[in-house]
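Here is a sequence with its predicted model. Questions after.
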Amino acid sequence: MLDKPEKTRELMDILDAAVPFEVALMPDLIEHLVACELDLHRERVDPLAALREVHRVLIAGGLLMFSSYGPDTLKELKAAFGAGSAARHVHSFIDMHDLGDMLVASGFAAPVMDMEVITLTYSEVPALLRDLKASGETCAARDRQRGLMGRRAWERMLASYERERKEGRLPATIEVIYGHAWKGEPRTTVDGRRIIEVELEAKKTGPLVRPEPTRT
């Protein structure tokens, strides 16, 4: 329950706004571990390109660990805004299975995905919006509405969200996706030639016996 300003940090801990993940600017270093927290959903980040860049800088056997938001994040707010306006007010988030497919497409091995749903509750919608603003997680989509909503559209949004009220509180769903994957051994050489592993069994032979000298 987040009604008091001092409790805003609880939402900020969940919606932790880390430094934006810049693709193609990573140094040419060999890394054993890359951790990416809540960055793949950002509007200016191409998640597939970002994962490929991480794969490039990891050493063979290196580990990627990441978290991201799932498509059910702020679903109540998204539906409520849809009732009051045709413009986009909430980001679209990537499904867990799609992220798993991207890991494989990027060359990662043994991907593991998991998710959890966290439900926060508020007494009113403006309290949720204040917490989102304080956490730095306002909508930055390119096609977002630039101006203010009209009064009628705002009232329709509030009325739509009110239908979600349970036990006197308004829910706000946060779906958090967790994943990790490993960089396997290279399958091609630097110049693009394919590496083929061949296992050779040692030929089983009996003990070597020195032949007896021939007497003449």
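Arrived safely, thanks for sending. Since the structure is predicted, the reported quantities are computational estimates derived from the model, not experimental observations.

hey, let's count contacts and neighbours off CA atoms from now on
Will do.

Just list the residues touching residue 185, thanks.
Residues near residue 185 by Cα atoms under 8 Å, 6 or more residues apart in numbering: 60, 61.

Am I right that it falls within a helix?
No. Read with DSSP: H, G, I helix; E, B strand; the rest coil, residue 185 is coil and lies in no helix.

Use 265 as the first number for this chain going forward.
Got it, first residue is 265 now, which makes that one residue 449.

how near is it to residue 323?
Residue 449 sits 9 Å away from residue 323, going by Cα to Cα, to the nearest Å.

Repeat that for residue 374.
16 Å.

now swap in residue 425 and tell me
For residue 425, the distance to residue 323 - Cα to Cα - is 48 Å.

With residue 370 instead?
Looking at residue 370 against residue 323, where the rule is Cα to Cα, the gap reads 14 Å.

Which parts of this structure are strands?
295-301, 322-333, 372-386, 434-447 (DSSP state E).

closest to residue 312 out of the ones you listed?
The closest of the strands of the chain to residue 312 is strand 372-386. By Cα to Cα, the value is 11.7 Å.

Mind listing the strands that closest one pairs with, and their directions?
strand 434-447 (antiparallel) (DSSP bridges).

Let me see the contact set for residue 448.
324, 325, 326, 371, 372, 373.

And residue 380, by the same measure?
Counting by Cα under 8 Å, 6+ apart, residue 380 has contacts 439, 440, 441.

Okay, helices next: where are they in this protein?
For the chain, applying DSSP state H gives helices covering 272-278, 311-321, 339-348, 360-369, 389-398, 415-426.

and the last one, what does it pack onto?
Contact here means 3 or more Cα pairs under 8 Å, 6 or more residues apart in numbering; DSSP states H and E; on that basis helix 415-426 packs against helix 339-348.
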